[in-house]
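S.K.: Below are the sequence and a predicted model for it; my questions follow.
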Amino acid sequence: MSYGVNAVFSGHVHAYERFLANGIHYLVVATGGGPSYNLVSPRAPFSMNSLEYALAYAKVTIDPAWGIATIEIIRVADISGDLREVTTVYPAGTIFETVTLGTLDVPVAEFTANTTAGPAPLTVQFTDRSTGYGITGRTWDFEDDSTIDSWEQDPVHTYTAAGRYTVNMTVTNAAGSSTEVKRDYITVTTPGGTVLSVNPPTSLVLRGKTTTIQVVIGPLPEGLAGYNLSLDLSDPAMAEITGLSFPGWAPMNSASTLPADQLVFSAVDLETVVGPGAGVTVLADIAIRGEAPGTTDLILGIDRITAHRGDPIIPEIISGSLSVHLVEPFPGYTDRPTDPDGDGLYEDINGNGVLEFDDVVAFYQNMAWVAGNTAVGIEPYDFNRNGRIDYDDVVVLYYRILER
């Protein structure tokens, strides 16, 4: 081994025998029929395998990229003990034994899918991305039920029932095997386009004030028996959940303690009020107080939603966001702007309680101040709702005042 030798080949007798000594494989490979004499029995020390009265040859494959050499002893036929006839002919490529030279590592399992969510029935094309030398086998479990669903390299599987599915894939070579597990990797939603969402999807609240959002779901072709959901704030420093109320159809309900930055809430429809064919249905009204300027995502999570017949409902989830702002007096003014009609837009720029042309002037003169003041934010003054402060906002504000 000190000279970098891994294997020594020689031909002396008409038989195959392999020895392993000091980490070096010694292979006698002149397997051309019956030997001129039988191999010693018991075999010599360090003898690992042998083959007598056979026709065979050695096939050596070298992969320089992996630094691996593979020796395969291909068994062609067996010969009778008196060397007079061929007793067995083997299919082409029949391997008697395989010897791998070099450092063979366990392969690393990895896979992807062309889609991970959609309504039932959902057909998914899986692709094997595993790395490693000499991968000889693959097994797939598409539903995490300990059942092998496919041995193909890149299989296709169709999910017929709504649910979340964990996928396992195992790859194997001569060194061993490894498994990749992707939990809840495939989400199969209920047919019919059922959506769980926050309404409105984007909300605005002033620091220290409270706003209310709704969690809604629909349509519900099989009705609704009950649910267990969660709502999380991605940035707890921005806001806090302070209150919760359930609709009248849900007298049996429960919720985690408030105030908090996470809410877990559940309810049951005991009287089948939300029956088959129900449209968009309110699940809860949730009060959120603004704590600091900025934006937090309102992240919906599902533990379980069940239809009246007990089938799971797996909707598409559309979470929302909440922006918290300060309402400060504009430069040159002492009163804070107000929102006369409660639409989230603060048209009364000078804060005197009256919509007038001076509001247009104050806004026009301070457009740069609004656009650059992140604590104030642009949302209360984005009158054309295009996501920026521009001259068209001045025009829209002007016409709103004319319409009053």
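M.R.: Thanks, I have the structure now.

S.K.: Residue 47 - nearest residue in space that isn't next to it in sequence?
M.R.: Closest residue in space to residue 47, ignoring its immediate chain neighbours: residue 19 at 5.6 Å, by C-beta to C-beta, 6 or more residues apart in numbering. The C-beta positions use only the backbone N, C-alpha and C, and glycine is treated the same way.

S.K.: Can you name the residues bridging to the one you found?
M.R.: Beta-bridge partners for residue 19, by DSSP bridges, are residue 26, residue 47.

S.K.: Can you tell me how far it is from residue 95?
M.R.: Going from residue 19 to residue 95 by C-beta to C-beta, to the nearest Å gives 20 Å.

S.K.: Contacts only, for residue 197.
M.R.: 215-217, 300, 317-320 (C-beta atoms under 8 Å, 6 or more residues apart in numbering).

S.K.: Separate out the buried members of those residues.
M.R.: 215-217, 300, 317, 319-320 (16 or more other C-beta atoms under 10 Å).

S.K.: Just the closest of these to residue 69, please.
M.R.: Residue 69 has its nearest neighbour among the buried ones among the contacts of residue 197 in residue 317, at 52.3 Å by C-beta to C-beta.

S.K.: Give me the phi and psi angles of that closest one.
M.R.: Here is the backbone geometry of residue 317 (degrees, to the nearest 10): phi -110, psi 130.

S.K.: which strands and helices sit next to the lowest-mean-pLDDT helix or strand in the chain?
M.R.: One helix or strand of the chain scores below all others by mean pLDDT, DSSP states H and E: strand 32-33, with a mean of 73. Judged by 3 or more C-beta pairs under 8 Å, 6 or more residues apart in numbering; DSSP states H and E, strand 32-33 is in contact with strand 54-63.

S.K.: Show me what the following helix or strand past the strand it packs on is in contact with.
M.R.: As assigned by DSSP states H and E, the chain's next helix or strand after strand 54-63 is strand 68-79. Residues outside strand 68-79 that contact it (C-beta under 8 Å, 6+ apart): 6-7, 16, 25, 27, 29, 31, 33-34, 51, 53-63, 85-90, 93-102, 104, 133-134.

S.K.: Return the distance of strand 68-79 from the chain's centre.
M.R.: In terms of C-alpha atoms, centre = their mean, to the nearest Å, the centre of strand 68-79 is found 44 Å from the chain centre.

S.K.: Now do the helix ranked longest in the chain: which elements does it pack against?
M.R.: Longest among the helix segments of the chain by residue count, using DSSP state H, is helix 391-403. Other elements packing on helix 391-403 under the criterion 3+ C-beta pairs under 8 Å, 6+ apart are helix 357-365, helix 367-372.

S.K.: Derive a ChimeraX selection command for the buried subset of the contacts of strand 68-79.
M.R.: Per 16+ other C-beta under 10 Å, the buried members of the contacts of strand 68-79 correspond to this ChimeraX selection:
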select :16,25,27,29,31,33,34,51,53,54,55,56,58,90,96,99,100,101,104,133,134
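
S.K.: distance between the ends of stretch 37-51?
M.R.: Counting by C-alpha to C-alpha, to the nearest Å, you get 13 Å between the two ends of stretch 37-51.

S.K.: same question, stretch 20-31
M.R.: End-to-end span of stretch 20-31 (C-alpha to C-alpha): 19 Å.

S.K.: how far is that stretch from where the chain is centred?
M.R.: Distance, stretch centre to chain centre, for stretch 20-31: 49 Å (C-alpha atoms, centre = their mean).

S.K.: And the contacts of that stretch?
M.R.: Outside stretch 20-31, the residues that reach it (C-beta under 8 Å, 6+ apart) are 1, 5-19, 46, 48, 51, 54-58, 71, 73, 99, 101.

S.K.: And stretch 116-123, by the same measure?
M.R.: With contacts defined as C-beta under 8 Å, 6+ apart, stretch 116-123 is touched by 115, 124, 156-162, 185-193, 316.

S.K.: how about a cut-off of 6 Å?
M.R.: Stretch 116-123 is touched from outside by 158-160, 162, 186-189, 191, with contacts defined as C-beta atoms under 6 Å, 6 or more residues apart in numbering.

S.K.: Return the closest of those residues with respect to residue 282.
M.R.: Of all the contacts of stretch 116-123, residue 282 sits closest to residue 189, with 20.3 Å by C-beta to C-beta.

S.K.: Quickly list the domain ranges of this protein.
M.R.: 7-101, 111-189, 195-325, 327-404 (automatic domain parsing).

S.K.: quick one on the thing from earlier: show the average pLDDT along the longest helix of the chain.
M.R.: Average pLDDT, helix 391-403: 92.

S.K.: in it, what's buried?
M.R.: Buried, per 16+ other C-beta under 10 Å, within helix 391-403: 393-394, 396-398, 400-401.
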